[in-house]
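Engineer: sequence first, then the predicted structure:
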Amino acid sequence: MPVTETTRPASPDEIAAEMDRRGAVIEKLEAQRDALLAAAKMQMAAHKALNSRVGYTRWQNLEDEASVALAAAIDLAEGRQ
């Protein structure tokens with residue numbers, strides 16, 4: 001039995017919709033990346049503060065901020081925003 005295949009060019013509306021969809025995916029991935037980088041930077045700052053002995057209170061504040069940012073980044077990455 002022969003296989004018949006037909007194709008047609010995408011309409012301008014279909015092309016625009018696909019470009020919008022891809023743009024939205026890229027924007028979401030960039031936001032996830034930015035949130036994870038910010039959380040990682042805060043975590044590194046907390047560890048540097050501890051290593052340089054700036055004081056437990058300062059270190060704890062940085063550690064708390066990093067934990068909150070990391071939790072937010074994970075929520076964003078998992079789509080819970």
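Structural biologist: Happy to help now that I have it.

Engineer: which strand or helix spans the residue nearest in space to the middle of the chain?
Structural biologist: With distances taken as Cα atoms, centre = their mean, Gln32 lies nearest the centre of the chain, 0.5 Å away. Element membership of Gln32, judged by DSSP states H and E, is helix 12-51.

Engineer: for that helix, which positions count as buried?
Structural biologist: Applying a neighbour-count criterion of 16 or more other Cβ atoms under 10 Å, one finds 32, 35-36, 39, 42-43, 46, 49-50 buried in helix 12-51. Every C-beta, even on glycine, is put in place using the N, C-alpha and C of the backbone.

Engineer: take these and lay them out in CSV including distance to Asp20.
Structural biologist: Shown next, in CSV, are these (distance: Cβ to Cβ, whole Å):
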residue, distance to Asp20
Gln32, 19
Ala35, 23
Leu36, 25
Ala39, 29
Met42, 33
Gln43, 35
Ala46, 39
Ala49, 43
Leu50, 46
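
Engineer: adding distance to Ala66 and pLDDT, write those residues out as TSV.
Structural biologist: Output for those, formatted as TSV (distance: Cβ to Cβ, whole Å; pLDDT from 0 to 100):
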residue	distance to Ala66	pLDDT
Gln32	17	87
Ala35	12	86
Leu36	12	85
Ala39	6	84
Met42	4	82
Gln43	4	80
Ala46	5	75
Ala49	10	72
Leu50	11	69
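
Engineer: circling back: for Glu65, see how far away the residue nearest to the centre of the chain is.
Structural biologist: Using Cβ to Cβ, to the nearest Å, Gln32 is found at 19 Å from Glu65.

Engineer: do the same with Glu18
Structural biologist: Going from Glu18 to Glu65 by Cβ to Cβ gives 40 Å.

Engineer: list the contacts for Glu63?
Structural biologist: For Glu63, the contact set (Cβ atoms under 8 Å, 6 or more residues apart in numbering) comprises Ala46.

Engineer: and it, what helix or strand is that in?
Structural biologist: Per DSSP H and E: Glu63 is located in helix 56-77.

Engineer: which secondary structure elements does the helix holding Gln32 contact?
Structural biologist: Applying 3 or more Cβ pairs under 8 Å, 6 or more residues apart in numbering; DSSP states H and E, one finds that helix 12-51 makes contact with helix 56-77.
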